[in-house]
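*Asks:* Here is my input; please provide its structure:
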Amino acid sequence: MTQSHTRRFVGAAALGLLASAALFGSAQVNQAQAQTYPDRNVTMIVPFPAGGASDITARNVAAKLTDSLGKTVVIDNRAGANGSLGATLLKQAAPDGYTILVGSIGVFAINPALFPDLKYDPMKDFDLLTVAVRTPNVLVAHPGFPANNVKELIEYLKKNPDKVSFASSGTGSSDHLTAALFMQKTGTVGVHVPYKGGGPAIGDLIGGHANVSFQNLGAIANHVRGGKLKALAVTADKRNAALPDVPTLAEAGVKDVEVYSWQAAAAPKGLPPAVRARLEKDMIAGLKSADMTAKFNDIGFDVVANSSKEFETFLAAEIARWKTVIEVGKIKPE
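*Replies:* Below is the predicted model:
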């Protein structure tokens, strides 16, 4: 072997040793992080005000994580810009497991399809952890509205185009896009009336100032039972125990409008694998516990608690779905 060949051989061997050492060192660091995490409190960003579905979900998940991690999980409500303010803060946080976000379908799936200049990309900027819970929307109407079922509503819409008001909790919200999808599938036209939240929209429905709306099951179930609203259909794949006499849209003859409003958890992209695995495992275990499942069921939510891989596949499909609805409906952000 020539001197030149010898130098190349030694150099290659040295590089191989360095690579092995790097991999071994990385494994040691990862193991050490798994053993010491967490050594301080964890912040859970909620990109909406207190009291909403994301906040309720986050506080329940945080309570279980506090028990399993042995450190306090602190809720930080950062409302603004359809949830994108809090989501952008998550993107900017260190990927060390000490900052998590719990947000809605809007934050993860609708904002990326609705806002062309969004400052975050959930598929690229987040480590997705789990979809925590979901709830169907319910097509509800003021008791005095002429239509008493979906067939009658479609007929009424076709006879009275641009006369029926669809109240929503805001442009680009789950209830807005569900209404848009419903009209696209049925070839009907209504008037979208956005409100600043589900509460005001439901209030105007009850007061007779709006005609119909797709609202989260948990938000309207008691109003339906009390006769303040009438339910025409649910957007689930099967009837819901909370309103067992209300048919699904598919049963009512409208296919492919199965919609759930869901809440999910994520962290900044690049978590140490062991930390990510710990968070995913503890969240799923907490969500699937008997007391947590019962608590969510009581407020109209089904526990999903899927894996991070399942979340990735699901989210890609959701973004594509709502992008199509937004493009076909020519929906623009406010």
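
*Asks:* for D39, what are its contacts?
*Replies:* Contacts for D39 (C-beta atoms under 8 Å, 6 or more residues apart in numbering) come out as K71. Every C-beta, even on glycine, is put in place using the N, C-alpha and C of the backbone.

*Asks:* which element is it on?
*Replies:* Using DSSP states H and E, D39 falls within no helix or strand.

*Asks:* Next: the one 5 residues further on.
*Replies:* Counting by DSSP H and E, the element that carries M44 is strand 42-46.

*Asks:* Okay, now the unreliable bits of the stretch 1-150 of the chain?
*Replies:* 1-34 (pLDDT under 70).

*Asks:* all helices for it, in order.
*Replies:* Taking DSSP state H, counting those that start in this stretch, the helices of the stretch 1-150 of the chain run over residues 3-36, 53-69, 84-92, 105, 111-114, 122-125, 150-159.

*Asks:* Just to check, F214 is in contact with N137?
*Replies:* Yes - at 4.2 Å, F214 counts as touching N137 under the criterion of C-beta atoms under 8 Å.

*Asks:* which of those two has more neighbours?
*Replies:* F214 (32 against 27; other C-beta atoms under 10 Å).

*Asks:* Unless I misread the structure, that one falls within a helix.
*Replies:* No - assignment of F214 by DSSP: H, G, I helix; E, B strand; the rest coil gives strand, placing it outside any helix.

*Asks:* which residues pair with it across the strands?
*Replies:* Counting by DSSP bridges, F214 forms beta bridges with L139.

*Asks:* can you pull out the helices in the stretch 201-334 of the chain?
*Replies:* So, for the stretch 201-334 of the chain - with DSSP H, counting those that start in this stretch - the helices run 217-225, 273-288, 290-298, 308-328.

*Asks:* Would you single out the least confident of the ones you listed?
*Replies:* Between those, the one with the least mean pLDDT is helix 217-225; it has a mean of 90.

*Asks:* Pull that helix out as PDB, backbone CA atoms only.
*Replies:* C-alpha atoms of helix 217-225 as PDB (Å, rounded to 0.1, in the frame of the first residue of the first chain):
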ATOM      1  CA  LEU A 217     -72.800  18.800  19.900                       C
ATOM      2  CA  GLY A 218     -71.700  19.700  23.400                       C
ATOM      3  CA  ALA A 219     -72.600  23.400  22.900                       C
ATOM      4  CA  ILE A 220     -76.200  22.800  21.800                       C
ATOM      5  CA  ALA A 221     -77.400  19.400  23.300                       C
ATOM      6  CA  ASN A 222     -79.000  21.000  26.300                       C
ATOM      7  CA  HIS A 223     -80.700  23.700  24.200                       C
ATOM      8  CA  VAL A 224     -82.200  21.000  22.000                       C
ATOM      9  CA  ARG A 225     -83.400  19.000  25.000                       C
END
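
*Asks:* for it, packing partners?
*Replies:* Where contact means 3 or more C-beta pairs under 8 Å, 6 or more residues apart in numbering; DSSP states H and E, helix 217-225 is packed against strand 126-141, helix 198-206, strand 230-234.

*Asks:* what's the distance between that helix and the middle of its chain?
*Replies:* 21 Å (C-alpha atoms, centre = their mean, to the nearest Å).

*Asks:* Check stretch 134-148 too.
*Replies:* Chain-centre distance of stretch 134-148: 22 Å, with C-alpha atoms, centre = their mean.

*Asks:* okay, how far is it across it, tip to tip?
*Replies:* 27 Å (C-alpha to C-alpha, to the nearest Å).

*Asks:* quick one: contacts of stretch 193-204?
*Replies:* 52, 165-171, 173, 175-176, 210, 213, 215-216, 219-220, 223, 229, 334.

*Asks:* likewise stretch 53-65?
*Replies:* Stretch 53-65 is contacted from outside by 42, 44, 46-49, 73-75, 77, 83, 102-104, 107, 132-133, 135, 216, 218, 261, 263, 265, 279, 282-283, 285-287, 289, 292, 295-296, 299, 301, using C-beta under 8 Å, 6+ apart.

*Asks:* Of those, select the buried ones using a PyMOL command.
*Replies:* In PyMOL, this line selects whichever of the contacts of stretch 53-65 come out buried by 16 or more other C-beta atoms under 10 Å:
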select buried, resi 42+44+46+47+48+73+77+83+102+103+104+107+132+133+135+216+218+261+263+265+279+282+283+286+287+292+296+299+301
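
*Asks:* So A241 versus A221, what's the distance?
*Replies:* Note on A241: its distance to A221, by C-beta to C-beta, to the nearest Å, is 10 Å.

*Asks:* So for these two, which sits in the more crowded spot?
*Replies:* Applying other C-beta under 10 Å to A241 and A221 shows that A221 carries more neighbours, namely 22 against 8.

*Asks:* okay, now the residue nearest to the more buried one when sequence neighbours are not counted: neighbour count?
*Replies:* If the residues on either side of it in the chain are set aside, A221 comes closest to A242, at 4.9 Å by C-beta to C-beta, 6 or more residues apart in numbering. If you count neighbours by other C-beta under 10 Å, A242 ends up with 22.

*Asks:* For A242, give me its contacts.
*Replies:* With contact taken as C-beta under 8 Å, 6+ apart, A242 is in contact with 217, 221, 300.
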